[in-house]
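Enquirer: requesting a structural model of the entry that follows:
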Amino acid sequence: MLLIESILVLAAVFMALTFPSVGSNWFEKLERRFSQLARQRTLSVVAVGLLALALRAALLPVLRIPEPIVSDEFGYLLQADTFTHARLTNPTHPMWIHFETFSVIHKPTYQCFAQPAQGLILAFGKVLFGHPFWGVWLSVGVMCAAICWMLQGWMSPGWALLGGFLAILRFGTFSYWANSYWGGAVGAIGGALVLGALPRIKRSQRVRDALLMALGLAILANSRPYEGLVFSLPVAVSLFAWMFGKESPAFKVTFRRIVAPLCLLLTLAAIATGYYFWRVTGSPFRMPYQVERETYGTGQYLLWQSPKPLPSYRHADLQNDFVNGEQPRYKVWRTALGFAYFSVEKVYLIWDFYIGPALTLPLLMLFFVLPYGFTIRDIGKSARFMSLTMFVLLAGLLAELYSFPHYASPGTGLILFLILSAMRRLRVWQWRGASSGLSIVRAVVTICLFTFTLGAFAGPLHLPVPENKAPAWHQRGPNILGRAGVLSQLSQALGPQVVIVRYKPRRIPDREWVYNSADIDNSRIVWARDMGPVRNQELIQYFSTRRAWLLEADEKPPTLYPYTAAIATSQDVHEHLSSFR
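Expert: Coordinates of the predicted model:
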């Protein structure tokens with residue numbers, strides 16, 4: 001898909017320079033109708049949100065309800081399951097050592113290690129429609145609508161509506177934000193609310209805009225707290241500079257309409273978040289994430305943090321992933337060469353997910369469009385502020401050990417604003433008296449529509465679609481772990497069951513099977529780690545009414561065997577196959 005889009009970009013440039021008027025009449029008619037819709041601002045926001053929901057629902061035959069695969073997904077699903085049981089957390093299970101896994105803490109309580117926003121979204125979908133995926137679906141629709149609303153505060157309605165449609169095409173359908181439980185849309189919603197409220201506050205000083213900014217900040221604090229803080233710093237500086245500047249109204253007005261409602265809602269959000277932390281960790285000032293890092297982490301997540309001593313592990317699988325996976329990366333990252341390498345890797349991930357070849361074209365064309373002697377002062381205030389905010393956010397991302405596209409999700413609307421600003425300037429550019437810039441802008445949108453269509457029909461067209469654990473806009477979703485197939489096999493057996501999962505010594509990291517629901521004892525299927533015959537027998541005795549299975553998770557395909565003493569002590573299950581067939 002990247003190759004196809006790159007070829008289309010080159011073809012678009014060639015056509016714009018040689019035949020710029022091709023299709024002009026058709027585009028003009030379409031743009032007039034587009035402008036009519038854009039002038040109705042509220043309707044535009046609603047239309048973008050509903051279209052995002054409709055397209056994702058229409059793609060269900062191609063993109064089915066996803067199977068969780070990444071450890072964070074299972075953590076968020078545990079969180080959602082807990083919330084749907086009207087609890088904030090769960091008591092530690094007496095056999096918790098058998099259930100230790102990634103992205104979950106068991107002490108002092110049993111809960112996901114992450115902030116609660118994504119879990120709340122998944123719980124909402126489960127309560128409302130019966131499955132957590134519908135929470136993902138709703139969050140994507142709200143995200144696209146929020147981005148359109150945010151852009152309306154910074155640019156003309158037509159460009160804002162176009163930005164909303166680009167959000168649908170790039171993030172709302174084939175990206176992992178719409179095809180996993182990993183998150184991304186929630187952080188983008190928070191960032192859009194914060195960024196969209198800023199110009200409105202400066203223009204109108206309405207209480208509702210202050211409340212929307214506070215809501216966005218609360219969402220960021222409960223989804224991407226570190227990145228949200230970094231992203232919000234330039235916004236806070238801009239807001240304070242305006243409040244105490246010459247163009248600001250009297251302080252009484254700003255305090256009553258802006259400061260007071262914003263601080264009130266943020267205080268309530270802080271109390272609610274602190275209460276959640278207290279129930280999960282025992283302290284309102286201790287995040288579940290801190291507990292997880294103290295229990296299992298071997299490296300620090302931020303560049304300026306000092307190295308920490310190695311924790312003790314009860315399972316070789318966990319130790320292998322953290323010690324042999326995380327620690328070497330941490331040590332290399334703290335070297336100058338390693339930092340440079342990982343910085344390039346992070347920038348590429350952001351480009352691959354948020355921009356791609358088609359949206360890179362208007363950015364590159366700025367070098368030809370901008371006049372000679374152009375300086376930063378020639379850029380408008382809005383573009384300067386957005387560029388500075390993007391720089392601050394990128395600097396914050398480079399200071400993290402790991403980076404996935406959803407880490408930068410607060411800046412989704414910001415990135416689209418910069419791309420649209422480039423397209424707006426490119427639109428008036430002429431080459432040898434012809435409207436080549438307008439032709440390129442139209443081609444960019446057409447290419448995005450074309451690649452979206454290719455994605456929808458990739459299966460029938462037999463197009464190779466890359467799949468990995470962090471798919472970009474042009475990808476269809478993560479690989480299938482196989483857990484759903486094993487669950488289907490287990491569902492055919494009668495009664496409750498316990499599955500002991502055995503891994504090979506060298507296994508693919510982040511392909512974890514041991515995840516349980518909030519109420520382990522009342523779950524039909526319980527998943528546990530292989531701890532050897534003696535410890536396994538303790539678990540089987542605890543669950544004496546359940547049928548016990550051994551799962552060889554790293555076989556292809558993963559294979560279930562009835563658990564017996566002989567198979568428990570065997571290092572090669574295949575020696576005992578004849579006994580169980």
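
Enquirer: any idea how the protein splits into domains?
Expert: Under the assignment automatic domain parsing, the domains of the chain span 1-13+52-68+114-299+314-480, 483-580.

Enquirer: any idea which of the ones you listed is most buried?
Expert: domain 1-13+52-68+114-299+314-480 (a mean of 19; mean count of other C-beta atoms under 10 Å). Glycine gets a C-beta too; all of them are placed from N, C-alpha and C.

Enquirer: could you give the mean pLDDT of it?
Expert: Taken as a whole, domain 1-13+52-68+114-299+314-480 has an average pLDDT of 91.

Enquirer: before we move on, which element is residue 169 in?
Expert: helix 157-171 (DSSP states H and E).

Enquirer: turn the domains of the chain into JSON lines, including distance to residue 82.
Expert: JSON lines is the format used below for the domains of the chain (distance: least, C-beta to C-beta, whole Å):
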{"stretch": "domain 1-13+52-68+114-299+314-480", "distance to residue 82": "7"}
{"stretch": "domain 483-580", "distance to residue 82": "4"}
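
Enquirer: for residue 89, which of these is the nearest?
Expert: domain 1-13+52-68+114-299+314-480 (4.6 Å; C-beta to C-beta).

Enquirer: pull the distance from that closest one to the chain's centre.
Expert: Relative to its chain's centre, domain 1-13+52-68+114-299+314-480 lies at 8 Å (C-alpha atoms, centre = their mean, to the nearest Å).

Enquirer: strands along this structure, start to end?
Expert: 104-105, 111-112, 497-502, 525-529, 547-552, 559-562 (DSSP state E).

Enquirer: in CSV: the ones you listed, plus distance to residue 146.
Expert: CSV is the format used below for those (distance: least, C-beta to C-beta, whole Å):
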stretch, distance to residue 146
strand 104-105, 30
strand 111-112, 25
strand 497-502, 40
strand 525-529, 37
strand 547-552, 42
strand 559-562, 44
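
Enquirer: what's the least confident stretch among those strands?
Expert: strand 559-562 (a mean of 90).

Enquirer: picking that back up, from the contact counts, what lies against the helix holding residue 169?
Expert: Under the contact criterion of 3 or more C-beta pairs under 8 Å, 6 or more residues apart in numbering; DSSP states H and E, helix 157-171 touches helix 24-38, helix 41-58, helix 133-152, helix 356-369, helix 412-427, helix 436-456.

Enquirer: just the CA trace of the second one, in CSV.
Expert: Think helix 41-58. Only the C-alpha atoms of helix 41-58 are listed here, as CSV (Å, rounded to 0.1, in the frame of the first residue of the first chain):
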residue,chain,number,x,y,z
ARG,A,41,-20.5,24.0,11.4
THR,A,42,-22.6,21.9,13.8
LEU,A,43,-23.9,19.7,11.0
SER,A,44,-20.4,19.2,9.7
VAL,A,45,-19.1,17.9,13.1
VAL,A,46,-22.1,15.6,13.4
ALA,A,47,-21.7,14.4,9.8
VAL,A,48,-18.1,13.6,10.3
GLY,A,49,-18.8,11.6,13.4
LEU,A,50,-21.7,9.6,11.9
LEU,A,51,-19.7,8.9,8.7
ALA,A,52,-16.8,7.5,10.7
LEU,A,53,-19.2,5.2,12.6
ALA,A,54,-21.1,4.2,9.4
LEU,A,55,-17.9,3.3,7.4
ARG,A,56,-16.4,1.3,10.2
ALA,A,57,-19.7,-0.6,10.7
ALA,A,58,-19.9,-1.2,6.9
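
Enquirer: quick one: contacts of that helix?
Expert: 37-38, 63, 137-138, 140-145, 147-149, 152, 157, 160-161, 164-165, 167-168, 172-173, 178 (C-beta atoms under 8 Å, 6 or more residues apart in numbering).

Enquirer: which residues does residue 562 form a beta bridge with?
Expert: Beta bridges link residue 562 to residue 549, judged by DSSP bridges.

Enquirer: the residue nearest the centre of the chain and residue 79: what is the separation?
Expert: The chain has residue 184 as the residue nearest its centroid, 2.3 Å off, counting by C-alpha atoms, centre = their mean. As judged by C-beta to C-beta, to the nearest Å, residue 184 and residue 79 stand 16 Å apart.

Enquirer: tell me how many other residues surround the nearest residue to residue 308 once chain neighbours are set aside.
Expert: Excluding the flanking residues, the one nearest residue 308 by C-beta to C-beta, 6 or more residues apart in numbering is residue 300, at 6.4 Å. Residue 300 has 17 neighbours, counted by other C-beta atoms under 10 Å.

Enquirer: residues contacting residue 300?
Expert: With C-beta under 8 Å, 6+ apart, residue 300 has these contacts: 306-308, 330, 401.

Enquirer: which of these fall in helices?
Expert: residue 330 (DSSP state H).

Enquirer: hmm, residue 558 is touching residue 484, no?
Expert: No. Look at residue 558 against residue 484 with C-beta atoms under 8 Å: they stay out of range, at 11.0 Å.

Enquirer: ok, now how distant is residue 109 from residue 92?
Expert: 6 Å.

Enquirer: got it, and residue 550?
Expert: Distance, residue 550 to residue 92, by C-beta to C-beta: 26 Å.

Enquirer: same deal with residue 512?
Expert: 20 Å.

Enquirer: next one: residue 363
Expert: 51 Å.

Enquirer: and for residue 318?
Expert: 17 Å.

Enquirer: repeat for residue 300
Expert: Residue 300 is 27 Å from residue 92, by C-beta to C-beta.

Enquirer: again, but for residue 281
Expert: 12 Å.

Enquirer: shared neighbours, the two?
Expert: 108-109.

Enquirer: quick one: which of the contacts of residue 300 is nearest residue 12?
Expert: residue 401 (38.6 Å).

Enquirer: so the closest one sits against residue 328, correct?
Expert: No. Assessed by C-beta under 8 Å, residue 401 is found out of contact with residue 328, at 11.5 Å.

Enquirer: surely residue 224 touches residue 187?
Expert: Yes. Under the criterion of C-beta under 8 Å, residue 224 makes contact with residue 187 at 4.3 Å.

Enquirer: so what sits against both of these two?
Expert: Going by C-beta under 8 Å, 6+ apart, residues that sit against residue 224 and also against residue 187 are 406, 409-410.

Enquirer: what about residue 109 and residue 92, which has more around it?
Expert: residue 109 (19 against 15).

Enquirer: quick one: pLDDT of the nearest residue to that one once chain neighbours are set aside?
Expert: Counting by C-beta to C-beta, 6+ apart, residue 109 lies nearest to residue 89, which is 4.3 Å off, once chain neighbours are set aside. Here the pLDDT value assigned to residue 89 is 98.

Enquirer: roughly how far apart are residue 89 and residue 498?
Expert: With C-beta to C-beta as the criterion, residue 89 and residue 498 are 23 Å apart.

Enquirer: what does residue 197 give?
Expert: Distance, residue 197 to residue 498, by C-beta to C-beta: 51 Å.

Enquirer: contacting residues for the residue lying closest to residue 48 once chain neighbours are set aside?
Expert: Nearest residue to residue 48 in three dimensions, chain neighbours excluded: residue 164, at 3.6 Å (C-beta to C-beta, 6+ apart). Listed by C-beta under 8 Å, 6+ apart, the contact set of residue 164 reads 44-45, 48, 144-145, 147-148, 151.

Enquirer: again, only using 10 Å
Expert: By C-beta atoms under 10 Å, 6 or more residues apart in numbering, residue 164 lies in contact with 38, 44-45, 47-49, 51-52, 143-152, 172, 413, 416.

Enquirer: before we move on, back to that, touching both of residue 401 and residue 328, which residues are there?
Expert: In contact with both residue 401 and residue 328: residue 299, using C-beta under 10 Å, 6+ apart.

Enquirer: so residue 351 touches residue 419, yeah?
Expert: No. Contact criterion C-beta atoms under 10 Å: residue 351 and residue 419 do not qualify, at 11.6 Å.

Enquirer: shared neighbours of the two, anything?
Expert: Shared contacts of residue 351 and residue 419, counting by C-beta under 10 Å, 6+ apart, come down to 359-360.
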